[in-house]
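Undergrad: fold the stuff below for me.
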Amino acid sequence: MDGLLDIIGIGASAATGGLFGAVVRLLPDLGKGIVGFFQARADRAHELAMRKLDIEAAREGHEQRIREADTAGNWEVAGKTLDAYREALGAQGQITGVRFIDALNQSVRPVVTYYFLALYGLTKFVGFGYAWLVEKATIKAAWPILWSPADSTMLFAILGFWFVDRQLGKSQATRLQPWTSSRS
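TA: Got it, this is the predicted structure:
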């Protein structure tokens, strides 16, 4: 195509005195320049879009690594908390050989539990008695004061505490094997 335009340009130059032929000969170069300009512009736009995608992918990768580190740290803290709890339970069961200290050491949690249950029951019973005797409420109306869903939750929490403690105390495998992170 370029060769044909050159031939036309030489012929036009000879026929018109040179100006038209020169313009015709420059048309291919001018077309290449215009196409090259638009091609370079499209290449730069594509390169910019690719860089933006690279930056976004790097940002997401960094955020993912931060989330992974945070999760690993949370698991590590939870594991250390379990280890501390296991050590505390193990230390409570240690026998010193001094009967008074051993009896006191083993009676703290039961005494606190009984004391709390007695105060809690007394508070509930006084509230029920006040509603029934002073406020003249019927037993049906005063019953939620004596036993409510919160009371059920409290009872099951206390029972769960004691039975879980008992099960942990029986399990030698649990006491002997400390928790370890899977990332260690």
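
Undergrad: any idea of the mean pLDDT for the one helix or strand residue 152 maps to?
TA: Here residue 152 sits within helix 149-170, counting by DSSP states H and E. Helix 149-170 shows an average pLDDT of 78 in the prediction.

Undergrad: after the helix or strand where residue 114 lies, which helix or strand is next?
TA: Element membership for residue 114, per DSSP H and E: helix 99-129. Sequence order places helix 139-146 as the next helix or strand after helix 99-129, per DSSP H and E.

Undergrad: residues making contact with that next one?
TA: Applying Cβ atoms under 8 Å, 6 or more residues apart in numbering, the contact partners of helix 139-146 are 124-125, 127-128, 131-132, 135. In this view, the C-beta of every residue, glycine as well, is placed from N, C-alpha and C.

Undergrad: among these, which ones are buried?
TA: The neighbour count (16 or more other Cβ atoms under 10 Å) marks 128, 131-132 as buried among the contacts of helix 139-146.

Undergrad: between helix 99-129 and the longest helix along the chain, find me the angle.
TA: In the chain, assigned by DSSP state H, the helix with the most residues is helix 19-92. On the basis of axes from the mean of the first three to the mean of the last three Cα atoms, to 10 degrees, helix 19-92 is oriented at 110 degrees to helix 99-129.

Undergrad: where does this structure have low pLDDT?
TA: Along the chain, segments meeting pLDDT under 70 span 1-27, 92-93, 165-184.

Undergrad: and residue 70, how far is that from residue 129?
TA: Remark: distance between residue 70 and residue 129 (Cβ to Cβ, to the nearest Å) = 53 Å.

Undergrad: so between those two, which is more surrounded?
TA: Neighbours were counted for residue 70 and for residue 129 using other Cβ atoms under 10 Å; residue 129 has more, 13 against 10.

Undergrad: and the helix holding residue 114, how far out from the chain middle?
TA: Between the centre of helix 99-129 and the centre of its chain there are 39 Å (Cα atoms, centre = their mean, to the nearest Å).

Undergrad: one step back: JSON lines for the buried ones among the contacts of helix 139-146, including distance to residue 32?
TA: Listed next are the buried ones among the contacts of helix 139-146 as JSON lines, based on distance: Cβ to Cβ, whole Å:
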{"residue": "128", "distance to residue 32": "99"}
{"residue": "131", "distance to residue 32": "99"}
{"residue": "132", "distance to residue 32": "103"}
